[in-house]
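[1] Provide a 3D model corresponding to the input given below.
(chains A and B, ligands or ions: 1)
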Amino acid sequence: MNFDDTPQEGAFRAEAKAWIAANAPKQYEEELRKASLGRFQLKGANILEVAKAWQKKKADAGWACLHWPKEYGGRGSSPIERVIWQQEEGPFGRLSSMFIIGHGMCGPTMMAFAGEEQKRSYLPPLASGEKIWCQLFSEPAGGSDVAGLRTRAEKHGDEWVINGQKIWTSGAHYSDYGILLTRTDPDVPKHKGLTMFFLDMKSPGVEVRPIKQASGASDFNEVYFTDVRIPDSQRLGTVNDGWNVSLTTLMNERMSIGAGVSTGFPELFDFCNSLMLEDGPAIENRAVRSKLANWAVKASGLKYTSMRAISALSKGERPGPENSIGKLVAGSMIQDVAAYALDLQGAAGALSGIEDAEVAGKFQAMLLRAPGTRVEGGTDEIMRNIIAERVLGLPGDIRVDKDVPFNKIPTKGRN
Amino acid sequence: MNFDFSDEQKQMRDEARKFLSEQCPPKAVREVLDGKAPYDKALWKGLAEMGFLGVAIPEQFGGAGAGHLELCVIAEEMGRALAPVPFSSTVYLAAEAILIAGSDAQKQKWLPKIASGDAIGTLALFEGHGNPSPKAVKVTANGGVLNGVKKPVADGAIADFAVVAARTGSSGRESDFSLFIVDLKAGGVEVKSLTNIDLTRGQAEITFKDAKAEPLGTTGEGWSVITQVLDRAAVLMAFEQVGGADRALEMGRDYALDRIAFGRPIGSFQAVKHMLADMYVSATLARSNCYYGAWALSTNAGELPEAAAAARISATQAFQHCAKNNIQVHGGMGFTWEFDCHMYYRRANAVALGLGSLSYWEDALIDRMRKKNAA
Ligand SMILES: Cc1cc2nc3c(=O)[nH]c(=O)nc-3n(C[C@H](O)[C@H](O)[C@H](O)COP(=O)(O)OP(=O)(O)OC[C@H]3O[C@@H](n4cnc5c(N)ncnc54)[C@H](O)[C@@H]3O)c2cc1C
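    As a prediction, this is how the structure comes out:
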């Protein structure tokens, strides 16, 4: 058991460190360091532009999407090298948040199901951040139950015609491409009539409408499809096998979301270290210390759980459903941490302006964004189901719609 | 980086698991639970023969000299099996105290006896309620003899010797405390058995009346040794706790698969599934914290104090959480004497206290994190 770099890892680290020192946009380092869930701004700069520029620079020098094969814009790195890069990239890694869906979910799905020529033309600009991708899965009637989606794809000659609506699509308003799950056969049970495509978001008939979120921000959208035409060559996997294709995406989603979720703990610890309560520094208060200790061991437990997973990956083991643990634990933890940080501030905790609130309203922003973390990429309940069924081997939920043709499934709970 | 045990260490774990499943089935644990014996003597002897008692004791002192990572994997199995033997008192506390502070002669005298199973040892630290603190120690050492009462002392009634913390000065500062080795079978020592919530492990009250004591380590440095011993024991005990948590989870999972209610396995009810998923989560977080603790312990890293506290807190929570919900999953059966659930519940709650309570370790963790941050 050790944390030491092997000579090759050491050499890789040194190279990464030197390149980052010479090339990172250091003028934003401080702001990026202070960024937290729900609050991420750069003074006088467009985040998207800064992020794209940094990603392009990385790609040109061979530091983008490290674990992807070289011919698709990556570097062919090992899982450990990825971690070393993340450690060295530090706060600048936060600029990658716009690319997470493309890099973590769409890219791997394209890699597994697109044709060779398509991979060579679409993947490198995705890796370099020149093109942004989104994931068009969820619908008003198909969130946790993705396979309940209704967006139709009908074959007309060599093309498919799409009609329907997606919702909660992160980044659709600045995306160039998307992967899209549709229903191609409503007469068979729901999982058996789905087909996956990728499409140009500028295609005629695609309309993106930003949704204002509970937090006040607008990161996700509704996307409407009216007679949108997609060539059959942009189908991923075989017709009606879209469920299996989407499982590839979702497994990768869990890996990429689970690995990087923040817990809010380092921020809370720093805050308690500096905050003065009526009877002295917060950090010296027994009750505060007890709370902090409980969160500290969750945060460290997650950190070392992911290190164990990486060690297993580097020995050739495959990422498994146990990766669901990261998002499950961190999601509710960051919500509790944020609420506690506000509680410590008393009445002033209710203020949320950057100028008016303690530590620039970091915890207030975190509190308002946290509910989304517990929903996106699979709710807490779905994560628990996955752990119970696929890790512990407990029976699946009773599925009343399993053998029923999709168009016979009831659509409302109460009539 | 390789954040895992080696293949040899895993092999040792398998060996220990196999040995314990044969030599320490629940039936054997129940002999002690039911008061038929104070501990499982045959198992103790067997553990010595397997070389498990001296696994982290250097060869020159009669041990196997394997190291602390190896001791961690064995500790996990001891906890899993609820082994009713004085392993933690003797191996994590007494032996580690002697390894840290003992003279060569003391190591020569005690360690081979520990490794061979011929001497049971313990640490006599507590004096009534409260957590480890120099302020709570009233037992005095004067002119080579001890006076005062220690309580509770884990395995005190079966131990041959104890490492005792005593006052050697009067100011009450840490530098007024020193450690001693006391032969519990000699004169001036009275031992009374006490009832413990964990009936598979004994506790005692020990009264010293001019009991002869041999200094262990430098006078005035006892408290710093105690802290080191507690940190090491915290990591080792945490592995026992994780072993117990995992076993409780496994019992709950197995029962959920077998028991039918409303025409289906109870494990198909989401409330039960989610309870088990949460048990898995807490056991997994604890295991990961323990691995970090194991690394820090085996390399004697500067991070040990912080890592030990984190492992201790996380494993205490996980074992308590899994043990109580294991009973819940079992329903009424879980609350019978006949089912083994209560043995894990008892152990989980008793072992949570033996090195100082959760709040003590929470306090310690934050202290240590602060010091590191300030440095
Ligand atoms: C910030 C954010 C970003 C998102 N980005 C995207 C994106 O880019 N692309 C995309 O396709 N989607 C995206 N989503 C959608 C997201 O994947 C869904 O919201 C999520 O899967 C939950 O589905 P739902 O909202 O329909 O809730 P529902 O499925 O209606 O769930 C409602 C409640 O019922 C519970 N529930 C449902 N099924 C079960 C079950 N089987 N067992 C127990 N409880 C159950 C849920 O846990 C939840 O508490 C995003 C969501 C958010 C909040």
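[2] Residue A:61 contacts residue A:19, correct?
    Yes - using Cβ atoms under 8 Å, residue A:61 is in contact with residue A:19, at 6.3 Å. C-beta: built from backbone N, CA, C; applies to glycine.
[3] which of the two has more neighbours?
    A count of neighbours by other Cβ atoms under 10 Å in any protein chain shown puts residue A:19 above the other of residue A:61 and residue A:19, at 17 against 12.
[4] Quick one: mean pLDDT over whichever strand or helix holds that one.
    Taking DSSP states H and E as the definition, residue A:19 sits inside helix A:7-23. For helix A:7-23, the mean per-residue pLDDT is 97.
[5] can you check stretch A:306-320 too?
    Here the average pLDDT along stretch A:306-320 is 81.
[6] Okay, helices next: where are they in the stretch 301-415 of chain A?
    Taking DSSP state H, counting those that start in this stretch to define them, one finds helices in the stretch 301-415 of chain A at A:324-344, A:362-373, A:380-386.
[7] can you map out the strands along the chain?
    In the absence of a named chain, chain A is used. A:133-136, A:152-156, A:159-170, A:177-183, A:194-200, A:206-210, A:220-231, A:235-236, A:276-277, A:280-281 (DSSP state E).
[8] Let me rephrase: I mean chain B.
    B:121-124, B:140-142, B:145-154, B:161-167, B:177-183, B:189-194, B:203-212, B:214-216, B:260-261, B:264-265.
[9] tell me which parts of the stretch 301-415 of chain A are close to chain B?
    With Cβ under 8 Å from any Cβ of the partner chain as the criterion, the stretch 301-415 of chain A meets chain B at residues A:301-305, A:307-308, A:310-312, A:314, A:322, A:325, A:328-329, A:381, A:383-385, A:387-389, A:391-398.
[10] and the residue of chain B found nearest the ligand, how many residues sit next to it?
    Residue of chain B nearest the ligand, by Cβ to the nearest ligand atom: residue B:270 (5.9 Å). A count of neighbours around residue B:270, defined by other Cβ under 10 Å, yields 15.
[11] swap in residue B:1?
    When neighbours are defined as other Cβ under 10 Å, residue B:1 has 17 of them.
[12] Next: residue A:339.
    Residue A:339: 14 neighbours (other Cβ under 10 Å).
[13] do residue A:375 as well
    Residue A:375, neighbours per other Cβ under 10 Å, totals 14.
[14] Kindly report the same for the one 5 residues further on.
    Using other Cβ under 10 Å, residue A:380 has 18 other residues around it.
[15] quick one: it and residue A:197, what's the gap?
    Here the criterion is Cβ to Cβ, to the nearest Å. By it, residue A:380 lies 30 Å from residue A:197.
[16] which non-adjacent residue is nearest residue B:149?
    Leaving out its chain neighbours, the residue that sits closest to residue B:149 by Cβ to Cβ, 6 or more residues apart in numbering or on different chains is residue B:207, at 5.0 Å.
[17] residues in contact with the one you found?
    For residue B:207, the contacting residues are B:148, B:149, B:189, B:190, B:191, B:192, by Cβ atoms under 8 Å, 6 or more residues apart in numbering or on different chains.
[18] where's it relative to residue B:83, distance?
    According to Cβ to Cβ, residue B:207 and residue B:83 sit 29 Å apart.
[19] correct me, but residue B:247 touches residue B:341?
    No - under the criterion of Cβ under 8 Å, residue B:247 makes no contact with residue B:341, lying 10.6 Å away.
[20] before we move on, back to that, what's across from the residue nearest to residue B:149 in the sheet?
    Beta-bridge partners for residue B:207, by DSSP bridges, are residue B:149, residue B:190.
[21] returning to what we had before: near the ligand too, which of the residues of the stretch 301-415 of chain A next to chain B?
    When these are checked against the ligand using Cβ under 6 Å from any ligand atom, the ones in range are A:381, A:385, A:397.
[22] Run through the residues that contact the second one.
    Right, residue A:385. By Cβ under 8 Å, 6+ apart, the residues touching residue A:385 are A:397, B:270, B:273, B:274, B:277.
[23] What is the nearest of the residues you listed to residue B:227?
    residue B:277 (37.1 Å; Cβ to Cβ).
[24] what about the closest one, how many neighbours?
    Residue B:277 has 25 nearby residues by other Cβ under 10 Å.
[25] Touching, it and residue A:392? I think so.
    Yes - if you go by Cβ under 8 Å, residue B:277 and residue A:392 touch, sitting 7.1 Å apart.
[26] Show me the shaky parts of the chain.
    Unless you meant another one, I'm taking chain A. A:252-260, A:319, A:415 (pLDDT under 70).
[27] And whichever residue of it sits closest to the ligand, how close does it get to residue A:133?
    The nearest approach of chain A to the ligand comes at residue A:143, 1.7 Å away (Cβ to the nearest ligand atom). Noted for residue A:143: a distance of 20 Å to residue A:133, by Cβ to Cβ.
[28] Of those two, give the one with the bigger neighbour count.
    Between residue A:143 and residue A:133, counting by other Cβ under 10 Å, residue A:133 is the more crowded of the two (25 against 18).
[29] so who does that one touch?
    Residue A:133 sits next to A:101, A:102, A:106, A:107, A:126, A:175, A:176, A:177, A:178, A:179 when contact means Cβ under 8 Å, 6+ apart.
[30] same thing with residue A:290?
    Taking Cβ under 8 Å, 6+ apart as the criterion, residue A:290 is in contact with B:359, B:362, B:363.
[31] for the residue of the stretch 201-350 of chain B found nearest chain A, what are its contacts?
    Using Cβ to the nearest Cβ, the closest approach of the stretch 201-350 of chain B to chain A is made by residue B:285 at 2.9 Å. Counting by Cβ under 8 Å, 6+ apart, residue B:285 touches A:297, A:298, A:301, A:302, A:305, A:325, A:329, B:314, B:318.
[32] Format those as TSV; extra columns: neighbour count.
    Shown next, in TSV, are the contacts of residue B:285 (neighbours: other Cβ atoms under 10 Å in any protein chain shown):
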residue	neighbour count
A:297	28
A:298	26
A:301	29
A:302	28
A:305	24
A:325	26
A:329	25
B:314	33
B:318	32
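[33] and the residue nearest to residue A:86 when sequence neighbours are not counted, how many neighbours?
    Of all residues not flanking residue A:86 in the chain, residue A:93 sits nearest, at 5.8 Å (Cβ to Cβ, 6+ apart). As a burial measure, residue A:93 scores 15 neighbours (other Cβ under 10 Å).
[34] what's the answer for the one 5 residues further on, then?
    Residue crowding around residue A:98 was assessed by other Cβ under 10 Å; the count is 20.
[35] Now do the helices in chain B.
    Per DSSP state H, chain B carries helices over the ranges B:7-23, B:26-33, B:41-50, B:68-81, B:87, B:95-101, B:104-115, B:222-258, B:270-299, B:304-334, B:341-351, B:358-374.
[36] Figure out which of those helices is closest to residue A:411.
    helix B:270-299 (22.5 Å).
[37] roughly how far apart are the residue of the stretch 1-150 of chain A found nearest chain B and residue B:294?
    Closest residue of the stretch 1-150 of chain A to chain B, Cβ to the nearest Cβ: residue A:1 (4.8 Å). Plainly put, residue A:1 is 6 Å away from residue B:294 if you go by Cβ to Cβ.
[38] Looking at the two, which is more packed in?
    More crowded of residue A:1 and residue B:294, by other Cβ under 10 Å: residue B:294, with 27 against 19.
[39] what sits against the more buried one?
    Contacts of residue B:294 (Cβ under 8 Å, 6+ apart): A:1, B:68, B:69, B:72, B:235, B:239.
[40] how about CSV for the residues you listed, with distance to residue A:29 added?
    Formatted as CSV, the contacts of residue B:294 follow (distance: Cβ to Cβ, whole Å):
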residue, distance to residue A:29
A:1, 33
B:68, 40
B:69, 39
B:72, 40
B:235, 37
B:239, 41
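[41] Lowest-confidence entry in those?
    Per-residue pLDDT puts residue A:1 lowest of the contacts of residue B:294, at 89.
[42] For that one, which non-adjacent residue is closest in space?
    residue B:295 (4.8 Å).
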